[in-house]
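1. here's a sequence, model it:
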Amino acid sequence: MNTLSFIITCLGTLVGIIGFIYGISQNEQRKKLENVFRITAQTFPGDIAKIHQSSLWAWQNVKNAFEAAVTLADSAEKKSLLLSLCQATGDTVACERLCHALFNSVLGFQEAQFNTREIIHQEKDTLPLCKKVEKKQSEAV
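-> Next comes the predicted model:
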């Protein structure tokens, strides 16, 4: 009976050690996955800010084309061109607003999940949305 008790004790200890090692392994995998999510959440705002910047440029280009088009002589082509430019103006403004909303949503997710509003992007110092976030963060300190 003593031998059986010893074997059961050894098996229980072995299962406990295996469970402990498995727990450490799972914790390490969770940390790696959390790091991936954190880095992704920190890079997305910069990418969205870059799209926002492009939509601002597109809006400026459409505005310049509109200003040039109004100087053309009246014709059916001018009317069609102005209609297309008006629609493009609305589309670029909508894109800019949607980028702004998505940027704030991603930063909100990042703050809720990781308690930070950090942006990782090679051009973050030149992007208008990133500059606004940096300014707000420096004013809060």
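2. any idea how far the closest residue to residue 81 other than its chain neighbours is from residue 46?
-> Closest residue in space to residue 81, ignoring its immediate chain neighbours: residue 69 at 5.1 Å, by C-beta to C-beta, 6 or more residues apart in numbering. In this view, the C-beta of every residue, glycine as well, is placed from N, C-alpha and C. According to C-beta to C-beta, to the nearest Å, residue 69 stands 35 Å off from residue 46.
3. next: residue 112.
-> 19 Å.
4. can you give me the helices for the protein?
-> For the chain, the helices defined by DSSP state H occupy 2-69, 76-114, 128-140.
5. OK, contacts around the spatially most central residue of the chain?
-> The chain has residue 44 as the residue nearest its centroid, 2.5 Å off, counting by C-alpha atoms, centre = their mean. Residues in contact with residue 44 (C-beta atoms under 8 Å, 6 or more residues apart in numbering) are residue 106.
6. also residue 133?
-> Here residue 133 is in contact with 45, 107, 117, 119 (criterion: C-beta under 8 Å, 6+ apart).
7. poorly predicted segments of the protein, please.
-> 1, 137-138, 140-141 (pLDDT under 70).
8. switch the cut-off to 80
-> For the chain, the stretches flagged by pLDDT under 80 are 1, 132-141.
9. quick check: buried residues in stretch 49-63?
-> Within stretch 49-63, the residues scored as buried using 16 or more other C-beta atoms under 10 Å are 49, 50, 51, 52, 53, 55, 56, 58, 59, 62.
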